[in-house]
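Predicted model and sequence follow; I will ask about them next.
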Protein chains: 2
Amino acid sequence: MPRTSEPGRSVSSRLLEVLFAFEPDQSKLSLADLARKTGLPHATVRRLAMELTDVGALTRQHDGRFTIGLRLWRLGTLAPLTESLRSKAQPFMEDLYTALHQHVQLAVLDGSEAVIIERLSAPRAQDLLSQVGGRLPLHCSGVGKVVLAHGGSDLVDRVLSGGLKRYTPHTLLDPAVLRSELAECRRTGYATVRGELTVGADSIATRVMDAEGRVVAALSVVVRTGSVHHQAALPSLIAAGLGVSRMLGWRPGIKIRGV
Amino acid sequence: MPRTSEPGRSVSSRLLEVLFAFEPDQSKLSLADLARKTGLPHATVRRLAMELTDVGALTRQHDGRFTIGLRLWRLGTLAPLTESLRSKAQPFMEDLYTALHQHVQLAVLDGSEAVIIERLSAPRAQDLLSQVGGRLPLHCSGVGKVVLAHGGSDLVDRVLSGGLKRYTPHTLLDPAVLRSELAECRRTGYATVRGELTVGADSIATRVMDAEGRVVAALSVVVRTGSVHHQAALPSLIAAGLGVSRMLGWRPGIKIRGV
């Protein structure tokens, strides 16, 4: 986060540093935690945390620790392509879950990652990576490959030039192979991942279009390797993706952008 | 929002004013909109909006207007009692929706209002009041009455001393009548609203408890007046509320607080 000698800039960036200190696995923070995570003086952190609490952006618990407040949650629901997409996709995701009994995820592109905005799964499944709000790499997750494939050549160049991180022995690290998979995904409308992000977990993912034919999201099914034949799950997944797209105003005649 | 002569305080509160200028019916704002809504100078608004965009709290659209960014949405998902409660309640809400085919809402207490954190309804139903993130008054909504009844006498005193706003000719304005309804709700576990918030709309609502017996949310069914006999919908609603409570660790032996 930028810090300059301009006092106003510095103060507002400090406020944002306090806010963004909250993370999925660190969502309850004491003043000491906040001071440690932001590197700001204790007195500054206290003043900023109190101010954020006064307006409802943070909430203070009985034990003195802070959490993100409901007012900030409400503000977040105003982000485009979250709540409206979630509610439109939900019935299709439910049917898919009922038909396949596998994890179902809906994600959108956010910078150089995919962010999960809805997920249906067994109550026990709790890994942080794939919770709502969790982030997935573009080059080795099913939803990631789909949004990467349709995100334009600038995005692909950026992801490749940043270097492909290895998550498992199966992660694709060869740019040429990845480019070829992305071209295939644009042609067929779906992408496949075989243990490339997590050993033992496969994913098939398809695209979701809006009324202008933009690919605005990706829908995926995540299965234990070997538990489901991809070819068996694919038709229902693609139909669900098209169903969500229709809810967003897309129709078969509308050209899909970036294809 | 407090403004003092202390420069730091003033700057950070200005940043928050820019953020909270975004509202459900005004979720895309130009710099001119932001300047008008916050009363801040155009140059200040531009600088703050750019800073918020740099960190992903806001997103700038092609037309130059700003929206809440995905990073802020992700931050909001860390608020307690939102995503986890949503995902646990969803199956029960779906079954209730399937059984009754009526709007189903889940809400929590936020200050002196109830905030809707999940909703299932027909795709056409779009009024802002009852969208996810929308707020409902405590004294004349079903979910509001339930969380008010279990929120302690301080909350009831505060709501009553603030004056009861009339929404329809049926809104209860007599503190004694409201207090008596709240006591009845604590005894029975449910509350009823008959056209008190919106003419032609009724609601029945029940409580949701956590493992410590705290009433942490309310679950309601909203029906057109006359379309459903409340007594017919009530058992399934109460069973759903108890089901969600069990998912949160509550068991029949655990005393419900504030009752």
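Structure received. Numbering: from 1, shown residues only, chains lettered A, B, ... in the order given.

Show me the strands in chain A, by range?
If you assign secondary structure with DSSP state E, the strands in chain A sit at A:58-60, A:66-68, A:103-110, A:113-120, A:135-137, A:190-194, A:201-209, A:215-224.

Skip the chain neighbours and tell me the closest residue to the residue of chain A found nearest chain B.
Of all residues in chain A, A:Gly76 sits closest to chain B, with a separation of 2.7 Å (Cβ to the nearest Cβ). For every residue, glycine as well, the C-beta is placed using N, CA and C. Nearest residue to A:Gly76, sequence neighbours excluded (Cβ to Cβ, 6 or more residues apart in numbering or on different chains): B:Gly76, at 2.7 Å.

before we move on, what about A:Lys255?
Using Cβ to Cβ, 6+ apart and skipping the chain neighbours, the partner closest in space to A:Lys255 is A:Gly213 (5.1 Å).

again, but for A:Val222
Per Cβ to Cβ, 6+ apart, closest to A:Val222 is A:His103, 4.2 Å.

A:Arg74 too?
Excluding the flanking residues, the one nearest A:Arg74 by Cβ to Cβ, 6+ apart is B:Gly133, at 4.4 Å.

Now that A:Leu138 has come up, it's in contact with A:Glu113, right?
Yes: applying Cβ atoms under 8 Å, one finds A:Leu138 in contact with A:Glu113, separated by 6.4 Å.

And the pLDDT for A:Pro123?
pLDDT, A:Pro123: 53.

what does A:Leu70 give?
At A:Leu70, the pLDDT value in this model is 93.

got a list of what the nearest residue to A:Ala240 once chain neighbours are set aside touches?
Residue nearest to A:Ala240 in three dimensions, not counting chain neighbours: A:Phe92, with 4.3 Å by Cβ to Cβ, 6+ apart. A:Phe92 makes contact with A:Leu219, A:Ala240, A:Gly243, A:Val244, A:Met247, according to Cβ atoms under 8 Å, 6 or more residues apart in numbering or on different chains.

picking that back up, could you count how many residues lie near the residue nearest to A:Arg74?
The burial metric for B:Gly133, expressed as a neighbour count using other Cβ atoms under 10 Å in any protein chain shown, is 21.

pLDDT value on it, please?
Per-residue confidence at B:Gly133 stands at 88 (pLDDT).

For it, give me its contacts.
B:Gly133 is in contact with A:Trp73, A:Arg74, A:Thr77, A:Leu78, A:Glu83, B:Pro24, B:Val115, B:Ile116, B:Ile117, counting by Cβ under 8 Å, 6+ apart.

Relative to B:Gly69, which of those residues is nearest.
For B:Gly69, the nearest member of these is A:Leu78. The distance, counting by Cβ to Cβ, is 10.1 Å.

these two touch, right, that closest one and B:Phe66?
No: taking Cβ under 8 Å as the definition, A:Leu78 is not a contact partner of B:Phe66, at 10.9 Å.

Count the residues that sit near A:Pro91.
Look at A:Pro91: counted by other Cβ under 10 Å, it has 16 neighbours.

repeat for the one 10 residues further on
Other residues within reach of A:His101 by the criterion other Cβ under 10 Å amount to 14.

separation between it and A:Gly200?
Distance of A:His101 to A:Gly200, given as Cβ to Cβ, to the nearest Å: 17 Å.

Then A:Arg246?
Note on A:Arg246: its distance to A:Gly200, by Cβ to Cβ, is 34 Å.

and the two? which has more neighbours close in?
The residue with more neighbours, out of A:Arg246 and A:Gly200 and counting by other Cβ under 10 Å, is A:Arg246; that gives 16 against 11.

and that one, what is it in contact with?
Taking Cβ under 8 Å, 6+ apart, we find A:Arg246 in contact with no residue.

what are the ranges of the helices in chain A?
A:7-19, A:31-38, A:42-54, A:70-76, A:83-100, A:142-149, A:153-161, A:175-188, A:230-247 (DSSP state H).

Show me which of these has the highest average neighbour count.
helix A:142-149 (a mean of 29; mean count of other Cβ atoms under 10 Å in any protein chain shown).

the bottom helix or strand of chain A by mean pLDDT?
helix A:7-19 (a mean of 79; mean pLDDT, DSSP states H and E).

which secondary structure elements does that helix contact?
Under the contact criterion of 3 or more Cβ pairs under 8 Å, 6 or more residues apart in numbering or on different chains; DSSP states H and E, helix A:7-19 touches helix A:31-38, helix A:42-54, helix B:7-19, helix B:42-54.

Could you chop chain A up by domain?
Per automatic domain parsing, the structural domains of chain A span A:7-75, A:83-247.

Columns distance to B:His150 on top of those, output as JSON lines?
Conversion of the domains of chain A to JSON lines gives the following (distance: least, Cβ to Cβ, whole Å):
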{"stretch": "domain A:7-75", "distance to B:His150": "17"}
{"stretch": "domain A:83-247", "distance to B:His150": "26"}
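
Out of these, which is closest to B:Thr44?
Smallest distance to B:Thr44 across those (Cβ to Cβ): 8.1 Å, for domain A:7-75.

Might you calculate how far that closest one sits from the centre of the chain?
Between the centre of domain A:7-75 and the centre of its chain there are 23 Å (Cα atoms, centre = their mean, to the nearest Å).

low pLDDT regions in the stretch 1-150 of chain A?
Residues of the stretch 1-150 of chain A that meet the criterion pLDDT under 70 lie in A:1-9, A:122-129.

okay, which residue is most central for chain A?
A:Val115 (0.8 Å; Cα atoms, centre = their mean).

show me the residues around A:Arg71 that make contact.
For A:Arg71, the contact set (Cβ under 8 Å, 6+ apart) comprises A:Val55, A:Gly56, A:Ala57, B:Phe20, B:Asp110.
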